[in-house]
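> got a predicted model here, sequence first, then my questions.
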Amino acid sequence: MAVVLSVLLLFCFCFGFHVDDVTGTSGHTAGVFSWYNKFSMMNIDELNGLETGIRNAIKDNLMSELMSFPETGIVSTVSPGCIKDTANFPIQALDAFGKPRSGILRENFAWLGNFHECTSLGTYQHCVADMQINAPMNNGTTNLTVPISWGICMPKSCSEDDIEILIKQVEVPFFHLIRKSTGRSDKTPGVVHCNQIPAKSYDAGFICVVTLSSILGFLMLLGAAVDVYIRWFESPQNINGYQTIDNSPVDSKSERTPLLTGGTPNDSVHVEVQRHNQTPKKQGFLTRFLLCFAVNRSLEKLLNAKQGDKSVGCLNGIRVLSISWVILAHSLLYPLQQFLYDNTIEAYDFVKRLDFTVVIQGEYAVDTFFLLSGCLLTYLTLGKMAHTNGKLPWGLFYFHRFWRLTPVYAAMILFIIFLDPYIGSGPLWYRYIDHPSCEKYWWRNLLYISNFFPKSEMCMDWSWYLPNDMQFFVISPFILILLHKVPKVGAGLLATLTAISIIIKASLTAKYGMGGGVFGAGGVAGAYWDKIYDKPWTRISPYFVGMAVGFIMVRRPHLRMRPIVVLCGWVLASAVGLVVIYVINNQFYREWSRAEQSMYNGLASFTWALCVGWVILACKNGYGGWINTFLSWNFWVPVGRLTYTVYLVHPIILRNILFSISNPYSGKIIPMTTTFTGGIVLSHMVAFVFALAIEFPFANLEKLLIPSNVAKKYSEKERKEQA
């Protein structure tokens, strides 16, 4: 059996490395074209004869090899059906085998073969063997570890265990090359994964989620039908004026968190809107329930680009640009983490380039979200506390937050576990279909405590932002009450807590020897993630800066500054922001001292938040110029409403693209740009569907759950302001 795979590999590697052996020519280039010309000129009969010759050669070698199998014990471990079927390989299966490509020394380690050619044979399956080669380089002074993903087209009668046993007996010609050039090489036996179509059987979970999705879609259409009926048939007066659960334009200033829309306590109890001073017909509970899901109403609300006079328009642009920055960083890093570039070393060279540094510093886009969250929370809540003498329905305050975040979050977890495995296919799809951490620890996400556990146990590891933001939100009322009643004490507490967070992050960096930033620490996969990256005590300083900015916006609603102050503010914010982003590049060429690493990690997020905070204050008070015009563009308003759902869905889209590929990525600017563009467009398209189906309907359902007396008490002032 080992001979069979050896012959197959030799056939494959001849195409990849030893073309001169096939053609009989000594010149490599001449050999390639000579072989190609001969092969392309063969007719069908000649091709069939070639296939028969290869099959007979395999069969003859197989028979002789089987004579020695009883002594090695291989026959007793490999299934008879597998041994039988490998004696009749069609040429398409041979052609579908993965072959080493050029650029191995540039870390082109994904030899995936042709997935679709293999699976089109019907009785064959495409498998991938993840192997590792350890070879000494530079006269034995260094050791090269080569993680190879090798695509294999094998009969379906061969199990993964069968194929693993066979691979242990195979000497790949590439291994011979390493041994010849270095003196020795060690091959770690491959772990084989065979792809099935569909990737999983359709279990009860899949059926339940599809059923729930169908019910949701039905409610959306039924709600739209009810809405059309009310507008056009129930009463003439309701054609232009009608009662609605919440069909008012979304004011960007009413956003509770930069990833959500319409999130103030008063919004959550705003029960009805009347147009043109007409009194609509009172609707029953069932009608109002169905109208919550009306897709036409959700679409109207989503696409409304109007901004209120008191809104802080620049926040919309900052929000959209920040989520785009996050997607840009992930579209580069995901293939890099999986060794799926055909020139991984060149891709790393891009990372080291100064002009490319901004791409990998997407961490600060997340700090921007923390800043915006703290800013909006403080700005809106203190404004309302001023009208209610510091009293707010704090129970409703927490319920509203949980309700607005959780439904789409839970829907995304269900989607990942039960639907996502059936969406794609490809040689590497097996790496993506299983989500054991979601199946075991989904409840940690819904309780917003997942960041207190190791990354390896996190469901949707990119969602670490949400538990942090929720935890910051939980403690915020204590600070807000002080800022309202004793402003100086509240401001002092903010400054103290910010300093403590900076010191903790710097101290942890020094204690564990972390480098500066994510890449300086060797990426987020290891200790940097679990010790620093996703912990609330290290991430909260930008949130506190945001609360300080919101406090200033409330206390000084019309802040006036001298021209020289404005000029110095913009120059300083721009210069410091650029330093925070680009100084990390120096770490690729010079090892930073422990003090430098600690200082950077401790102060970078805080300093970045100060820079963005200045932009917000300057734009709000009329000192933003063309920057404010751009950031306040009405186009950002509807796009910004999708930010939360885009944040949740974009890694799913990028990983679907990544693990559906048939060939490695090219680590060049244009292919990277194409991946980013496709990722951001598809993410917004999918987010659009989730927002219409879940986020907006459940936000409307919240109104049905709020007691009417609470609604009346806390929405009266806001209705007067809007009028």
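In hand now; what should we look at? Residues are numbered from 1 along each chain as shown.
> going by C-alpha atoms from here, please, whenever you check contacts or count neighbours.
Fine.
> within the helices and strands, which one has the closest residue to Leu332 other than its chain neighbours?
Of all residues not flanking Leu332 in the chain, Met672 sits nearest, at 6.7 Å (C-alpha to C-alpha, 6 or more residues apart in numbering). Element membership for Met672, per DSSP states H and E: helix 669-690.
> list the buried residues of that helix.
By 16 or more other C-alpha atoms under 10 Å, the buried positions in helix 669-690 come out as 672, 675-677, 679-680, 682-684, 686-688, 690.
> make TSV from those and add distance to Ile215 and pLDDT to it.
Below are the buried residues of helix 669-690 laid out as TSV (distance: C-alpha to C-alpha, whole Å; pLDDT from 0 to 100):
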residue	distance to Ile215	pLDDT
Met672	39	83
Thr675	34	88
Phe676	34	91
Thr677	33	92
Gly679	29	93
Ile680	29	95
Leu682	24	95
Ser683	24	96
His684	23	96
Val686	18	96
Ala687	19	96
Phe688	18	96
Phe690	14	96
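> ok, so of those residues, who is nearest Ala329?
The closest of those to Ala329 turns out to be Phe676 (C-alpha to C-alpha; 8.8 Å).
> looks like that closest one contacts Leu328 (just checking).
Yes. Applying C-alpha atoms under 8 Å, one finds Phe676 in contact with Leu328, separated by 5.8 Å.
> on that earlier part again, which single one of the buried residues of helix 669-690 is nearest to Pro155?
Once C-alpha to C-alpha is applied, the member of the buried residues of helix 669-690 that ends up nearest Pro155 is Thr675, at 33.8 Å.
> for the closest one, what are its contacts?
Ser331 (C-alpha atoms under 8 Å, 6 or more residues apart in numbering).
> quick one: it and Pro335, what's the gap?
10 Å (C-alpha to C-alpha, to the nearest Å).
> repeat for His684
21 Å.
> counting neighbours, what do you get for Thr406?
Number of residues near Thr406 (other C-alpha atoms under 10 Å) recorded here: 18.
> was I right about it contacting Leu446?
Yes. Using C-alpha under 8 Å, Thr406 makes contact with Leu446 at a distance of 6.8 Å.
> which parts of the stretch 401-550 of the chain are helices?
436-446, 465-485, 487-512, 517-520, 527-528, 536-539, 541-555 (DSSP state H, counting those that start in this stretch).
> likewise for the stretch 551-700 of the chain?
Under DSSP H, counting those that start in this stretch, the stretch 551-700 of the chain gives helices at 563-582, 594-620, 625-631, 636-640, 643-659, 669-690, 696-705.
> make TSV from the ones you listed and add distance to Ser214 to it.
Output for the helices of the stretch 551-700 of the chain, formatted as TSV (distance: least, C-alpha to C-alpha, whole Å):
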stretch	distance to Ser214
helix 563-582	46
helix 594-620	43
helix 625-631	38
helix 636-640	26
helix 643-659	20
helix 669-690	13
helix 696-705	15
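> quick one: which of the ones you listed is nearest Val545?
helix 594-620 (6.4 Å).
> pLDDT of the closest one, averaged?
Throughout helix 594-620, pLDDT has a mean value of 94.
> ok and it relative to helix 487-512, angle-wise?
Counting by axes from the mean of the first three to the mean of the last three C-alpha atoms, to 10 degrees, helix 594-620 lies at 150 degrees to helix 487-512.
> for helix 594-620, buried residues please.
Quick answer for helix 594-620 (16+ other C-alpha under 10 Å): 594, 597-620.
> residue ranges with poor pLDDT in the stretch 601-723 of the chain?
707-723 (pLDDT under 70).
> give me that answer again for 50
In the predicted model, the stretch 601-723 of the chain carries pLDDT under 50 at residues 711, 718-723.
> isn't Leu94 right up against Cys153?
Yes. Using C-alpha under 8 Å, Leu94 is in contact with Cys153, at 7.3 Å.
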